[in-house]
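S.K.: The sequence and its predicted three-dimensional model are supplied below.
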Amino acid sequence: MNPRKPYVRPISKTSWFMTQSRYKVYMLHEISSLFVAIYSAILIIGLVRLGEGEAAWQGWLDAVTSPIGVIFHLIAFVFALIHTTSWFKAVPQAMRIQRGEEIVPGKLIVGAHYGVLAAVSLFVLILAGVA
Amino acid sequence: MQVIEADVIIVGAGGAGLRTAIAVAEADPKLSIALLSKVYPMRSHTCAAEGGAAGVIKSNDNLEYHFHDTVSGGDWLTDQDAVDLFVNEIPKELLRMEHWGCPWSRETSGNVAVRPFGGMKIMRTWFAADKTGFHMLHTLFQTSIKYPSVKRFDEYYTVDLLTDDGACYGCTAIEMRTGQMRQFRGKAIVICSGGAGKIFPFTTNGAVKTGDGMAMAYRAGVPLKDMEFVQYHPTGLPGSGILLTEACRGEGGYLLNKDGYRYLQDYGLGPETPTPVLKAMELGPRDQLSQAFWHEQKKGRTIPTKWGDVVHLDLRHLGEKKIDERLPLIRELSAKYVDSDPVTTLVPVRPVVHYMMGGIHTDIHAATPLNGLYAAGECACVSINGANRLGSNSLGELLVFGARAGRGAAEYAKKGLTAPSERLDALAADSEARVKAWFQRTQATDRVPDLKKRLTTAMEDGCGIYRDEATIKAACDIIVDVRERFKNVALEDKSSVYNTDLYQTLEMDAMIEVAQTVAVSALERRESRGAHQRLDHVKRDDEAFLKHSMAHYNPNGEPRIDYLDVVITKSKPAERVYGARAGGQSAA
Amino acid sequence: MSERTIELEVLRYRPEQDQEPFFQTYKVPCEEEWVVLDALNYVKEEMDRTLSYRWSCHMFVCGSCGMMIDGEPKLACKAFLKDYPTGKIRVEPLSNFPIERDLVVVLDDFVEKLESVKPYIIPKEERTVEQGEYLQTPAQLKAFKQYTLCINCLCCYAVCPQYGLDESFVGPAALALAHRYNMDSRDLGRAARDDVVAAAEGIWHCSFVGACSQVCPKDVDPAGAIQQAKFAHGIDYLTSFLPGGKR
Amino acid sequence: MARSAKAVPWFLFAAGGTVLSFILPVMIFTTGIAPALGLFTDALSYDTMSAFVGNWLVKLVLFGILTLACWHAAHRLRVCAHDFGIRADTAVAVILYGLATVGTATAALALVSI
Ligand SMILES: Cc1cc2nc3c(=O)[nH]c(=O)nc-3n(C[C@H](O)[C@H](O)[C@H](O)COP(=O)(O)OP(=O)(O)OC[C@H]3O[C@@H](n4cnc5c(N)ncnc54)[C@H](O)[C@@H]3O)c2cc1C
Ligand code: SF4
Ligand code: F3S
Ligand code: FES
């Protein structure tokens, strides 16, 4: 007779992420993709509208500046920042750079990423401002 | 009882057991192998070895040097034929480990690096930072997965050997997750069950090192050899007994007494030099370093703490970079366990029981006197360590003699000898009855943990760094008493699934046997040699005691001790020379 | 001696008696310097012989004593009581594994996975002992050294939700081990490991939660190893479609 | 077990994640928040926009960003669905990657027709 009776603790497939704060943070990163998706759709629609002529484009612009549009973009902006910071934080793990015997310190890699972020952002803003 | 058959049965899956298994598999892939271990292989205590494994590889070194260091380090109680073969085969074994992926530390050229170690004239210790044993164990374990003929029985507690008519045909073991006993039948058996440091209260050894295999072989009639030689390592962390590897001193660490003085120069190990010189000062042999501590303590020059007296290990001058590169684990352990970061602070240390030079008597083929029974690793005594093992010889030993045991057992297994199965069934039933008795006993007068404390304390008091007739006798008496009382212990946990009360009780059973051989062998050896120092017989006595003690099981009382000649080939016993006269190379 | 009483809440489960696990509290007189393992050992020796758990080395290198301590997977020999000022500590068996008994979990699944990734050198050509060692520079050693440090304590599995939700996932430590060999200059076995490592249940099942690396007591960084492996195996996959690529 | 084709969407996901991490915040600000603040009104006027997007280099860059964004999002949402307990992975994948394809195609068509 086998006296074993291993006990399996149940895990909720739909709410497991509420059990630890690190899981909540992870889910926050994941959910950023929802906003990426919606924002991309809005942008693609914008392009379609642009192709359809001035009135269509103005309609799109009006929608974007409507209260709902603004609220959405504000939330999306926050999630974009969440995406950016978490992505940068993970880069040194996913992309280890070794020079000779030394592993390039993560801080340096992350720092460089923030540098590029600043440069790209500035470039776009100048483009938008000057154009 | 379920019967499991295999050609070769290996008890223990530490460094020695795994090396044995690989050797059998390579000798003949057709042989089936059962590899039993009471813990998952990677939990075996080989993982704790830090410093390294000695083997001649560099051009400034040669086998003769390693031979002489080992023989004199062992105070001439080594068998020189065994040492000869040992120093010859280690480099090859270490290279094999390299080919199997062991992450040895390297020189910039890409060749393996070596570091200095105590009692060695030349730097020859291969290392993988300060986790050498860990990396060796995992390399061996992972490599063993490559061989389909190796069938592992993880978490099987081996209880008894099955012997009939002067030969061994298997063992009984309990599957720990079900509590059920199995009968393992094999054509050759190899014991690789590790050491027995746990018979002392303050030790670097892990919980698994309770001498089970030694006791099994001993009860089956195989003598335990040179059991009185117990190595104290000079640098253990007070309280926990965690080891700070000899490599700390190899890399240049100092030992300081309470006045900040490098006291080893007062004990024939000087002169003091700022950078390490091999075979001198902190790189002297372990027995002498531990004995020096004892004298300092007697002179009141140690530092009292709540965990006993300590001296200081000073690594500060090595600098953070070197410590992080070469001794990262040491830094972590010291910082966590005694709140001393070696980069900036002195680390308190004291001698701690570390290694059993003695063990199951084997010849140079790792064969015991019992046909079909082999032994390798710390549980065995081929006599390469003599009266004092040199640091970093043990990891080499388990490779060399593990491989030999494997090849020997494979060869023997092919003879296909078996015993009548009724006979083995009867033996297995006896073994099961012995275990069942613990379950059935209800009235306990003593508890295992209490008896264990009594036993280990007796060992420390009676068989410590220095011993004499009176202290050893006292220990012997307590052991007899403990053995008597142990007959009356009852299990407090009667369940089957993973019953650790049962396994600790079986371990205690083994510890009593092993402790008794240590004490009685120590009592009978009326001389001082290596790690066995008698205050009442302070001189080495080659006339009477250039011999191995052999402890034979005696069901009716204390073990019977007789003696076996030491094999001497080219090195006549002489004075052990350390310090300036040893002519050790600078290790800077 | 400075003593302090700790309330140790231990999850007990004795399969022969209990239908399900329950908490049992022990009031343990402890030394200030102790780790949780010392407290458990005290319980085992002085209070309750029936408590079962695994341990051996007491120096965080054997990997036996992984357990949930106040909800975090930790080595009991590395969890210092002084870091638990409230004096109440909750000890449970590692999450995501079936409980065999008390704090002992069933490891079969992990062991199978470890074996499945072919964790040994698969060399281009065998080398004989006479040929000496493979040359490997300190830089080449550095490239994989971190991933050799895993002690198989399973803390990472206990915190990886993907493993918890779906145990077909090969999981952090086994995948990091595969990466260790793939990164070793002596090894050429990446293609041979592809089958398991680059399967849907392998690296691709990891969603980079990163918790594994946060709890790893040996800083192995399995999360990083897996992402690096995704890149390497991913390139292998894509190039296998190029002319001359191996499929 | 067998080698999986997940490498393909993963590379798109990873490349997308990287590109987005640099460009997304400023883009959302420029096209979504700035207009409401009355900033960049000139830049977003029909004329400048048409001229700007009329440039082939700009078309290419926008196409790249939008494609990667779609696939990044699709792949990550697939994981999300799993994490929320939806276990019909194949169906989820078909739908999400399908949407990403639609997005990519629409973007291409729109860009070409400007
Ligand atoms: C802290 C420390 C540091 C060390 N450093 C060094 C060093 O730097 N260099 C050096 O050369 N040496 C060193 N040593 C010594 C060396 O590590 C050991 O002697 C060696 O590892 C022993 O290996 P082994 O395979 O014989 O035993 P172990 O690794 O202890 O394995 C014993 C095996 O036997 C099994 N076993 C035991 N009893 C039973 C049973 N009843 N049933 C089933 N299985 C059983 C166990 O499960 C285990 O698998 C060190 C030792 C310690 C403690
Ligand atoms: S990767 Fe870290 S946490 Fe996971 S098993 Fe290895 S040592 Fe433990
Ligand atoms: S927690 Fe799990 S999902 Fe991946 S990054 Fe670690 S394995
Ligand atoms: S007891 Fe070995 S890791 Fe904790």
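M.R.: Now that the structure is in, tell me what you want to look at. Ligands and ions are numbered 1, 2, ... in the order given.
S.K.: Low-confidence stretches in the stretch 201-350 of chain B?
M.R.: Judged against pLDDT under 70, the stretch 201-350 of chain B has no low-scoring part.
S.K.: how about the helices in it?
M.R.: Secondary structure of the stretch 201-350 of chain B, counting by DSSP state H, counting those that start in this stretch: helices at B:212-219, B:247-250, B:286-298, B:319-326, B:328-338.
S.K.: closest one to ligand 4 among the ones you listed?
M.R.: helix B:328-338 (11.8 Å; CB to the nearest ligand atom). Where you see a C-beta, it was placed from the backbone N, CA and C, and this is true even at glycine.
S.K.: Give me the distance between the most centrally placed residue in chain D and D:Ala93.
M.R.: Centrality entry for chain D: nearest residue to the mean C-alpha point is D:Ala69, 2.5 Å, by CA atoms, centre = their mean. Distance of D:Ala69 to D:Ala93, given as CB to CB, to the nearest Å: 18 Å.
S.K.: do the same with B:Thr302
M.R.: As judged by CB to CB, B:Thr302 and D:Ala93 stand 70 Å apart.
S.K.: Neighbour count: these two, which is higher?
M.R.: Using other CB atoms under 10 Å in any protein chain shown as the criterion, B:Thr302 and D:Ala93 rank with B:Thr302 on top: 22 against 16.
S.K.: Would you mind confirming that that one makes contact with B:Glu296?
M.R.: Yes - using CB atoms under 8 Å, B:Thr302 makes contact with B:Glu296 at a distance of 5.3 Å.
S.K.: shared neighbours of these two, which are they?
M.R.: With contacts taken as CB atoms under 8 Å, 6 or more residues apart in numbering or on different chains, the residues that reach both B:Thr302 and B:Glu296 are B:Asn257, B:Val311.
S.K.: about what we covered before: adding mean neighbour count and distance to A:Met1 as columns, could you present the helices of the stretch 201-350 of chain B in CSV?
M.R.: What follows is these, written out as CSV (neighbours: other CB atoms under 10 Å in any protein chain shown; distance: least, CB to CB, whole Å):
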stretch, mean neighbour count, distance to A:Met1
helix B:212-219, 27, 27
helix B:247-250, 27, 51
helix B:286-298, 22, 51
helix B:319-326, 15, 54
helix B:328-338, 21, 45
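S.K.: who in chain A is up against chain C?
M.R.: A:3-9, A:11, A:13, A:16-17, A:20, A:22-23, A:26, A:30, A:90, A:92-96, A:98, A:100-103 (CB under 8 Å from any CB of the partner chain).
S.K.: rerun at 10 Å
M.R.: Residues of chain A found near chain C (CB under 10 Å from any CB of the partner chain) are A:3-9, A:11-13, A:16-17, A:19-20, A:22-23, A:25-27, A:29-30, A:86, A:89-96, A:98-103, A:106.
S.K.: and what of chain D?
M.R.: D:1-11, D:13-14, D:76, D:78-80, D:82-83, D:85, D:87, D:89.
S.K.: now those residues: which count as buried?
M.R.: D:3-4, D:6-7, D:9-11, D:13-14, D:76, D:78-80, D:82-83 (16 or more other CB atoms under 10 Å in any protein chain shown).
S.K.: which one of those residues is nearest C:Thr128?
M.R.: Comparing these against C:Thr128 with CB to CB places D:Arg3 closest, at 33.2 Å.
S.K.: C:Val196 is in contact with that closest one, correct?
M.R.: Yes - D:Arg3 is in contact with C:Val196 according to CB atoms under 10 Å; the separation is 9.1 Å.
S.K.: Torsion angles phi and psi at the residue in the stretch 1-150 of chain B positioned nearest to ligand 2?
M.R.: Using CB to the nearest ligand atom, the closest approach of the stretch 1-150 of chain B to ligand 2 is made by B:Met42 at 10.2 Å. Note on B:Met42: backbone dihedrals following degrees, to the nearest 10 are phi -70, psi -10.
S.K.: Which residues are in contact with the closest residue to ligand 1 within chain A?
M.R.: Of all residues in chain A, the one sitting closest to ligand 1 is A:Arg4 (19.7 Å; CB to the nearest ligand atom). Applying CB atoms under 10 Å, 6 or more residues apart in numbering or on different chains to A:Arg4 gives the contacts B:175, B:177-179, B:496-498, C:15-16, C:98, C:100-101, C:106.
S.K.: mind checking how far it is from B:Arg177?
M.R.: 6 Å.
S.K.: what residues are shared contacts of these two?
M.R.: B:Ser496, B:Val497, B:Tyr498, C:Pro15, C:Glu100, C:Arg101, C:Val106.
S.K.: Now render those residues as JSON lines, adding neighbour count, pLDDT and distance to B:Leu451.
M.R.: Conversion of those to JSON lines gives the following (neighbours: other CB atoms under 10 Å in any protein chain shown; pLDDT from 0 to 100; distance: CB to CB, whole Å):
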{"residue": "B:Ser496", "neighbour count": "22", "pLDDT": "97", "distance to B:Leu451": "24"}
{"residue": "B:Val497", "neighbour count": "22", "pLDDT": "98", "distance to B:Leu451": "25"}
{"residue": "B:Tyr498", "neighbour count": "24", "pLDDT": "98", "distance to B:Leu451": "23"}
{"residue": "C:Pro15", "neighbour count": "20", "pLDDT": "97", "distance to B:Leu451": "29"}
{"residue": "C:Glu100", "neighbour count": "25", "pLDDT": "98", "distance to B:Leu451": "28"}
{"residue": "C:Arg101", "neighbour count": "32", "pLDDT": "98", "distance to B:Leu451": "25"}
{"residue": "C:Val106", "neighbour count": "18", "pLDDT": "98", "distance to B:Leu451": "32"}
